[in-house]
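Novice: Sequence and predicted structure below; questions after.
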Amino acid sequence: MTNVITSNPTIRDIEELLYDEAAFLDKADLDGWIELYTDDGTYWMPVLPDQEDPVNHISLFYDDRVLMEIRRRNLKHPRAASKDYPIRCSHIISNIRVTEQVDEITTVESNFHCLVYYNDRQTTYGGTYRHELVRSDSGLKIRHKRVDLINCDAALNTIIIYL
């Protein structure tokens, strides 16, 4: 897990956080995953390329911490429909680069590919991530994550787990 960061995070600190996040999602461990986020954390997946904001436009989803907690609990519930089939994922993250450093906020962009196997169907997702990271007493945390799918404006299969 991420160590306490007292200065601007190094690229290695950032990589470790992003790889931890990918590992939690690969295992469908939303308990561990949600702990990587700040209490005011958000997760956004726009429905259009270059979409400007999640408030004035429809999105695939825009979850705050409360909605992330609800999805986490629903996924874990013993009678959840998602329990009918195992969820298997493999995330690959590359081209990790710091794009902005303003005060306590480090903005990071990266590319990703994700394979999801669920209900006898394998689905490939790809695109870019933008993470806004902040330092906390417990280490580096995600304050905001934006996922821009290459095909965000196409018909998509059900997204059963966060990407």
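Specialist: Nice, I can see it. Keep in mind it's a predicted model, so treat the numbers as computed, not measured.

Novice: Quick check: buried residues in the lowest-mean-pLDDT helix or strand in the chain?
Specialist: Within the chain, confidence by mean pLDDT, DSSP states H and E is lowest for helix 65-76 among all helices and strands, at a mean of 88. By neighbour count, with 16 or more other CB atoms under 10 Å as the criterion, the buried positions of helix 65-76 are M68, R71, R72, L75. Just so you know, the C-beta spots here come from the backbone N, C-alpha and C atoms, and that holds for glycine as well.

Novice: Packing partners of that helix?
Specialist: With contacts taken as 3 or more CB pairs under 8 Å, 6 or more residues apart in numbering; DSSP states H and E, helix 65-76 sits against helix 30-34, strand 37-46.

Novice: want to try CSV for these, with mean pLDDT and mean neighbour count as columns?
Specialist: What follows is the helices and strands packed on helix 65-76, written out as CSV (pLDDT from 0 to 100; neighbours: other CB atoms under 10 Å):
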stretch, mean pLDDT, mean neighbour count
helix 30-34, 94, 17
strand 37-46, 96, 18
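
Novice: hang on, the earlier thing: after the least confident helix or strand of the chain, next one along is what?
Specialist: For helix 65-76, the succeeding helix or strand toward the C-terminus, using DSSP states H and E, is strand 88-102.

Novice: CA atoms only for the helix ranked longest in the chain, dumped as PDB, please.
Specialist: Of all segments of type helix in the chain, defined using DSSP state H, the longest is helix 11-26. The C-alpha trace of helix 11-26 is given here as PDB (Å, rounded to 0.1, in the frame of the first residue of the first chain):
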ATOM      1  CA  ILE A  11       6.300   9.000 -10.200                       C
ATOM      2  CA  ARG A  12       6.900   5.800  -8.300                       C
ATOM      3  CA  ASP A  13       4.500   6.800  -5.500                       C
ATOM      4  CA  ILE A  14       1.900   7.600  -8.200                       C
ATOM      5  CA  GLU A  15       2.500   4.300 -10.100                       C
ATOM      6  CA  GLU A  16       2.100   2.400  -6.800                       C
ATOM      7  CA  LEU A  17      -1.300   4.000  -6.100                       C
ATOM      8  CA  LEU A  18      -2.500   3.400  -9.600                       C
ATOM      9  CA  TYR A  19      -1.300  -0.200  -9.600                       C
ATOM     10  CA  ASP A  20      -2.900  -0.700  -6.100                       C
ATOM     11  CA  GLU A  21      -6.200   0.600  -7.600                       C
ATOM     12  CA  ALA A  22      -6.000  -1.700 -10.600                       C
ATOM     13  CA  ALA A  23      -5.200  -4.700  -8.300                       C
ATOM     14  CA  PHE A  24      -8.300  -4.000  -6.100                       C
ATOM     15  CA  LEU A  25     -10.500  -3.700  -9.200                       C
ATOM     16  CA  ASP A  26      -9.000  -6.900 -10.800                       C
END
